[in-house]
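Peer 1: Here's my sequence, what's the structure:
(one chain, ligands or ions: 1)
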Amino acid sequence: MLQSSNLTFQYKKTEHLFRFPNIDLKKQEHLVILGKSGIGKTTLLHLLAGILKPSTGTVSLNSQDITVLRESSLDRFRGKNIGLVFQKKHAIQTLNVLDNLKARLYFGKKKVNLNKMEALLAELDLLDFKTSKVQTLSEGQLQRLGIAIAVIHEPEIILADEPTSSLDDANCKMVLELLLKQAAKTQANLIVITHDHRIKSYFQNTIML
Ligand SMILES: Nc1ncnc2c1ncn2[C@@H]1O[C@H](COP(=O)(O)OP(=O)(O)OP(=O)(O)O)[C@@H](O)[C@H]1O
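Peer 2: Numbering: from 1, shown residues only. So this is what the prediction gives:
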């Protein structure tokens, strides 16, 4: 399903060349990538998502090497196949909760299905807020909306950047269980990058950068 091989990356105007270990995940296998601050975790996640182009190496999702795709094809591919849970919440502030999900489906060229959207919001304890504007949500609700936006289009792979670092143990457990449950529902791969060692036990595969 997801493979990366010989990935290296250098930011413009910097000396350091990042070298990343190879990744090989079969369907429904999950991975946590650990490492201290500044080691390159977000850089690796952005390479896996096709947000950054590597200096060398390949990233293949379902046998499609995304490093050879042009910008517009890559946007389409990412919109359809990848779900991103960002450190900073990325809902559209001026839209309500439901419209944020519709926007994500539209971007991924997937059908809008009200029942499906409402079922997901119910699972994430957000159904009562479906017509609420994003600005009025609490931090926890925003975080759960971030997960809903990342998975509503049923991506092949869910990539999460530090989803638990600022959370207490109970919320850390809840967010991880939600991510794992959503991944199981659509048979997606889940990759989490973090420096939060509490979450190691949830994953069968670990890479330490
Ligand atoms: N656009 C950029 N240009 C130059 N250097 C960058 C850029 N983005 C990140 N870096 C540097 O690359 C290194 C790795 O950054 P990255 O965000 O991947 O680390 P990280 O392991 O995710 O850190 P953290 O856990 O603190 O989020 C850091 O030293 C950072 O300053």
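
Peer 1: By residue count, what's the longest strand in the chain?
Peer 2: strand 2-9 (DSSP state E).

Peer 1: State the helix or strand in which Lys12 lies.
Peer 2: Under the criterion DSSP states H and E, no helix or strand holds Lys12.

Peer 1: Then Ile207?
Peer 2: Under the assignment here (DSSP H and E), Ile207 is part of strand 205-208.

Peer 1: Strand partners (parallel or antiparallel) of that strand?
Peer 2: Using DSSP bridges, the strands paired with strand 205-208 are strand 30-34 (parallel).

Peer 1: per-residue confidence averaged over whichever helix or strand comes after the partner strand?
Peer 2: Once strand 30-34 ends, the next helix or strand along the chain (criterion: DSSP H and E) is helix 41-48. Across helix 41-48, the average pLDDT comes to 95.

Peer 1: can you give me the strands for the protein?
Peer 2: 2-9, 18-19, 23-25, 30-34, 56-61, 64-65, 82-85, 157-161, 189-194, 205-208.

Peer 1: and Lys173, which of those strands is closest to it?
Peer 2: Ranking the strands of the chain by proximity to Lys173 (Cβ to Cβ) places strand 189-194 first, at 13.4 Å. Bear in mind the C-beta positions are built from the backbone N, C-alpha and C, glycine included.

Peer 1: wait, does that closest one make contact with the ligand?
Peer 2: No: using Cβ under 6 Å from any ligand atom, strand 189-194 stays clear of the ligand, with a minimum separation of 6.7 Å.

Peer 1: From the contact counts, what lies against that strand?
Peer 2: strand 23-25, strand 30-34, helix 41-48, strand 157-161, helix 169-186 (3 or more Cβ pairs under 8 Å, 6 or more residues apart in numbering; DSSP states H and E).

Peer 1: Can you tell me the closest non-neighbouring residue to Phe9?
Peer 2: Phe18 (4.7 Å; Cβ to Cβ, 6 or more residues apart in numbering).

Peer 1: That neighbour: neighbour count?
Peer 2: 18 (other Cβ atoms under 10 Å).

Peer 1: pLDDT wise, what is it at?
Peer 2: pLDDT, Phe18: 97.

Peer 1: Please apply the same query to Asp65.
Peer 2: 96.

Peer 1: Quick check: Phe18 vs Gln64, distance?
Peer 2: In this view, Phe18 and Gln64 are 23 Å apart by Cβ to Cβ, to the nearest Å.

Peer 1: just to revisit the earlier point, quick one: which of the helices and strands packed on strand 189-194 is nearest Leu7?
Peer 2: Of all the helices and strands packed on strand 189-194, helix 41-48 comes closest under Cβ to Cβ, at 5.8 Å.

Peer 1: quick one, that closest one and strand 157-161 angle?
Peer 2: Between helix 41-48 and strand 157-161, the angle comes out at 160 degrees (axes from the mean of the first three to the mean of the last three Cα atoms, to 10 degrees).

Peer 1: residues in contact with helix 41-48?
Peer 2: Taking contacts as Cβ atoms under 8 Å, 6 or more residues apart in numbering, the residues outside helix 41-48 that touch it are 2, 4, 7, 9, 11, 18, 20, 23, 33-35, 52-54, 59, 87, 157, 159, 161-162, 191, 193-195, 209.
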